[in-house]
Each structure stands twice: as structure tokens, then as C-alpha cells.
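> take this sequence and fold it.
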Amino acid sequence: RSTRKVVKALEEQGFWPEEIHQQVPKDGEHKEWFWIREFPHAYQWLFGNLPPEATTASGSGLGVKAYPNPADQSFTLALPEAKHAYVVHIYNLLGQEVWQKSLDTTTTVSCKDWDNGVYFIKIRQHKETTTLKVTVKH
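Presented below is the predicted three-dimensional model:
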């Protein structure tokens with residue numbers, strides 16, 4: 001609906017229909033600004049309130065670490081011993097979940113088939129949640 005308004009306004013300004021190019025991305029291919037605008041609550045849930053250490057992916061309030069960063073084929077998710085299992089979800093910048101597991105111990109996460117880019121690791125353990133950021137660079 002808003003794209004029709006833009007097209008109409010351009011036509012009213014003298015642009016020919018052949019000069020106007022519209023591109024509507026398929027679901028899941030939208031840019032980050034689109035998710036912020038269209039799904040602010042989901043964006044906030046995924047990426048909001050990141051702890052300061054999330055910018056380096058080197059630590060968290062839970063004592064979790066992801067290394068090496070940037071990662072090439074895999075990275076280690078170091079989890080301290082705990083009474084309760086860790087629930088780990090990893091999302092790409094489009095908010096798509098690329099990996100999910102319930103873990104009790106340190107593990108190696110394969111990222112060899114993932115696209116280059118930034119990924120967010122959301123980790124929940126009992127009543128605490130933290131988010132790390134890791135970059136994949138092949």
C-alpha cells in the first residue's frame with residue numbers, strides 16, 4: 001500500500017512507469033531496518049538489551065564464551081558447569097534461527113555452511129538469559 005503511494009507520487013511528478021523500479025524482497029530477505037520498523041518487539045527480543053560484552057562475544061553474565069571470533073569453520077561455545085541445562089539459540093541478522101540445542105557442557109558449533117556475517121547467540125540457563133555476538137568469516 002505505501003509503495004503504491006510512492007509510485008503514484010512519482011508518476012504525478014512526471015516519471016514514466018518504465019523509470020520506476022519496485023523491488024519487494026521475499027520473506028526473510030529484508031534488511032535490519034525493516035525488522036526494526038515492522039517487528040519491533042521481536043527485534044527487541046532478539047537483539048535488544050545486549051550486554052556490553054556481547055559486542056566482543058568473549059563473555060557473558062553466565063560466564064559463557066564463544067571463540068574464536070571471527071570464526072571460520074566452527075567455534076567453541078564454552079559453558080561453565082551448572083545445575084540446569086543451557087538452552088542455546090543462534091540467529092542470523094534476519095532473525096532466522098540457524099542452530100538450537102539444549103546443552104550441559106562446552107561444545108563445538110559448526111558454522112562451515114553458514115553465510116559470512118554476524119550471528120547472535122541467545123543463551124538461557126534457568127532464569128538468566130544472555131546474548132553473545134559472533135562473526136563468521138570464511
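
> burial count for residue 109?
20 (other C-beta atoms under 10 Å). All C-beta atoms are positioned from the backbone trio N, CA, C, and that covers glycine.

> and for residue 75?
Residue 75: 24 neighbours (other C-beta under 10 Å).

> you'd agree it is up against residue 65?
No: in this structure, residue 75 is not within contact of residue 65 by C-beta atoms under 8 Å, at 9.8 Å.

> which other residues reach the lengthiest helix in the chain?
Under DSSP state H, the helix in the chain containing the largest number of residues is helix 2-12. Helix 2-12 has contacts (C-beta atoms under 8 Å, 6 or more residues apart in numbering) with 17, 19-20, 22, 24.

> do the same with stretch 103-111
71-79, 81-82, 85-88, 90, 99, 101, 119, 136.

> and the longest helix of the chain, how far out from the chain middle?
33 Å (C-alpha atoms, centre = their mean, to the nearest Å).
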